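**Student:** Here is my input; please provide its structure:
(one chain, ligands or ions: 1)
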Amino acid sequence: MRWYGSHARDLPWRRATASPWAVLVSEVMLQQTPVARVLPAYEAWLARWPTPPALAAAAPADAVRQWGRLGYPRRALRLHAAAQVISERHGGEVPSSLDALLALPGVGSYTAAAVASFAFGQRHPVLDTNVRRVLARMATGQQWPARSTSAAEIALARSLLPARPEVAARWSVAVMELGALVCTAARPQCAACPVAGGCAWRLAGSPPGAGRRGSQPYQGTDRQCRGRLLAILRDSDGPVPPARLDAAWPDAAQRSRALASLITDGLAEPHPDGGYTLPAHQPALAATQPATQPALTATQPAPPGHQPALAAPAQPTAQ
Ligand code: SF4
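**Tutor:** Below is the predicted model:
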């Protein structure tokens, strides 16, 4: 905690002035996306939609456009859907209870715990990729956490939390920051680590562990194709003729698959006059449930890097 007090980055969503809505926006954006990329998008998003009702009143297509190239654009639709539910059922204010947060579209266990902790000072285990890595090394002597979050891991994280809720919330963000800045995946700086004296993995001689996942390829994937097609829809004011999409990606089968998945995800739709556009309406809420943030139970996939993605392979990334 002392280390955090003197080394924490000044990030806008950590300031006392950050509203619960700002914290929720930051948590969604940080899933699978690095802080440096999130910062400008976060500022622009909140400048345009400073409250949930402001976003709820906008068109889903506007949310997708504003999301821009942040990646995993279904997060924009889910945030829009969450804003609608917050406006309709919670008087326009982000709810504070874990259950109410979990009931919001697109909010999984990690995001709910993070918002409850960081916006409302509650005591919940907040297990993003960075926290999981630090706890694996420090507490269990493993270089890498298991692929999926286990009940034992959740219990361990809960047991380590300070008793006072407001201290627990600060402790969680401190561990998150330690993972982001010191106990990094590739090069842990043990000599500068404030908990090195009690780190089980270091005391065991830093044995190499199994289980680290490599980064996922992007070039040539369906995900890249989806991004290429969505960028065209995003930059167009009207329906995009199929020929323009055809010209954007040479592999017809892959292009067709990617376009179909965009439509299924509610990110694109056929226009009655031909061609395709961004969504005019929010898809059914059931379709906006998080794909990468299931409830925080045993066997749940961990949120990618607190900075991980809602729909694709995810792990929340660091704050
Ligand atoms: S001593 Fe090294 S491995 Fe252990 S928590 Fe610190 S940085 Fe991570």
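
**Student:** Sketch out the strands for the stretch 51-200 of the chain, chain order is fine.
**Tutor:** Taking DSSP state E, counting those that start in this stretch, the strands of the stretch 51-200 of the chain run over residues 148-149.

**Student:** Kindly report the residues of it close to the ligand.
**Tutor:** 134, 137-138, 182-183, 188-190, 193, 195-196, 199 (Cβ under 6 Å from any ligand atom). C-beta coordinates here come from the backbone N, C-alpha and C atoms, glycine included.

**Student:** Just the buried residues of stretch 231-249, please?
**Tutor:** 232-234, 239-240, 245, 249 (16 or more other Cβ atoms under 10 Å).

**Student:** Generate a markdown table for the residues of the stretch 51-200 of the chain next to the ligand, with pLDDT, neighbour count and distance to residue 94 as supplementary columns.
**Tutor:** Below are those laid out as a markdown table (pLDDT from 0 to 100; neighbours: other Cβ atoms under 10 Å; distance: Cβ to Cβ, whole Å):
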| residue | pLDDT | neighbour count | distance to residue 94 |
| --- | --- | --- | --- |
| 134 | 97 | 26 | 28 |
| 137 | 97 | 26 | 33 |
| 138 | 96 | 23 | 32 |
| 182 | 97 | 21 | 31 |
| 183 | 97 | 27 | 31 |
| 188 | 96 | 22 | 35 |
| 189 | 97 | 11 | 36 |
| 190 | 96 | 15 | 38 |
| 193 | 97 | 20 | 34 |
| 195 | 96 | 17 | 33 |
| 196 | 96 | 16 | 38 |
| 199 | 97 | 19 | 36 |
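
**Student:** May I ask which two of these are separated the most?
**Tutor:** Using Cβ to Cβ, those span at most 13.8 Å, a distance reached by 138 and 189.

**Student:** Common neighbours of these two, please.
**Tutor:** Counting by Cβ atoms under 8 Å, 6 or more residues apart in numbering, the residues touching both residue 138 and residue 189 are residue 183.

**Student:** Which of the buried residues of stretch 231-249 fall in helices?
**Tutor:** 232-234, 245 (DSSP state H).

**Student:** Using CSV, please lay out these together with pLDDT and distance to residue 148.
**Tutor:** Shown next, in CSV, are those (pLDDT from 0 to 100; distance: Cβ to Cβ, whole Å):
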residue, pLDDT, distance to residue 148
232, 96, 36
233, 95, 35
234, 94, 34
245, 95, 37
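
**Student:** Nearest to the ligand among the residues you listed?
**Tutor:** Set against the ligand, the nearest of these by Cβ to the nearest ligand atom is residue 234 (40.1 Å).

**Student:** Surely that closest one and residue 63 touch.
**Tutor:** No: using Cβ atoms under 8 Å, residue 234 makes no contact with residue 63, being 10.9 Å away.

**Student:** And residue 269, its phi and psi?
**Tutor:** phi -150, psi 150 (degrees, to the nearest 10).

**Student:** repeat for residue 270
**Tutor:** phi -70, psi 140.

**Student:** what's the neighbour count on it?
**Tutor:** Per other Cβ atoms under 10 Å, the neighbour tally for residue 270 reads 13.

**Student:** dump the residue contacts of it.
**Tutor:** With Cβ under 8 Å, 6+ apart, residue 270 has these contacts: 263, 276.

**Student:** And the helices in the stretch 51-200 of the chain?
**Tutor:** 52-56, 60-67, 74-89, 98-102, 109-120, 129-140, 151-160, 165-181, 200-203 (DSSP state H, counting those that start in this stretch).

**Student:** Show me which of those helices has the highest average neighbour count.
**Tutor:** helix 109-120 (a mean of 26; mean count of other Cβ atoms under 10 Å).

**Student:** and the angle for that helix with helix 74-89?
**Tutor:** Relative orientation of helix 109-120 versus helix 74-89 (axes from the mean of the first three to the mean of the last three Cα atoms, to 10 degrees): 60 degrees.

**Student:** just checking, what packs against helix 109-120?
**Tutor:** helix 20-30, helix 98-102, helix 165-181 (3 or more Cβ pairs under 8 Å, 6 or more residues apart in numbering; DSSP states H and E).

**Student:** Quick check: the gap between residue 60 and residue 269.
**Tutor:** To residue 269, residue 60 is 10 Å away according to Cβ to Cβ, to the nearest Å.

**Student:** Same check on residue 172?
**Tutor:** Applying Cβ to Cβ to residue 172 and residue 269 gives a distance of 40 Å.

**Student:** ok so, going back, closest one to residue 261 among the helices of the stretch 51-200 of the chain?
**Tutor:** In terms of Cβ to Cβ, the element of the helices of the stretch 51-200 of the chain nearest to residue 261 is helix 74-89, at 10.2 Å.

**Student:** I'd assumed residue 184 was in contact with residue 192.
**Tutor:** No: using Cβ under 8 Å, residue 192 makes no contact with residue 184, being 11.3 Å away.

**Student:** of the two, who's got more company?
**Tutor:** residue 184 (15 against 11).
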